[in-house]
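Student: Provided below are the primary sequence and the corresponding predicted coordinates.
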Amino acid sequence: MLLFSYLVEVSQYFKLVNLLGWGRSKFAAIIMGTSFSFIDLLTYTLGIAVVIIIEKVINHGQSAKR
């Protein structure tokens with residue numbers, strides 16, 4: 001999932017929608033996005049890190065009960 005998010009952001013950086021000639025398509029603009037943001041990359045990464053940490057805590061707690 002994180003890789004997909006990065007790919008979307010990179011496509012926004014290179015303005016892939018416009019390069020493919022889809023610049024006037026609202027659907028393409030909604031799906032692919034139109035503006036790159038480094039902050040988005042950071043928040044995606046932090047979000048995945050939080051999920052991994054929560055899963056490890058939950059799984060550790062379950063294995064300790066056995």
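Tutor: Arrived safely, thanks for sending. All values derive from a computational prediction rather than experimental measurement. Numbering: from 1, shown residues only.

Student: for this structure, which spans come out with low pLDDT?
Tutor: Low-confidence segments of the chain, defined by pLDDT under 70: 64-66.

Student: just checking, what's the longest helix in it?
Tutor: For the chain, the helix that runs over the most residues, judged by DSSP state H, is helix 38-65.

Student: Give me the helices and strands touching that one, please.
Tutor: helix 2-13 (3 or more C-beta pairs under 8 Å, 6 or more residues apart in numbering; DSSP states H and E). Any C-beta I mention is one placed from the backbone N, CA and C, and that applies to glycine too.

Student: Could you check the helix or strand following the helix it packs on and say which residues are buried?
Tutor: Under the assignment DSSP states H and E, the closest C-terminal helix or strand after helix 2-13 is helix 16-19. Across helix 16-19, burial judged by 16 or more other C-beta atoms under 10 Å covers L16, V17.

Student: Residues contacting the following helix or strand past helix 16-19, please?
Tutor: Next in sequence after helix 16-19, counting helices and strands by DSSP H and E, comes helix 26-32. The contact list for helix 26-32 (C-beta atoms under 8 Å, 6 or more residues apart in numbering) reads V8, S11, Q12, L16, V17, L20, W22, G23.
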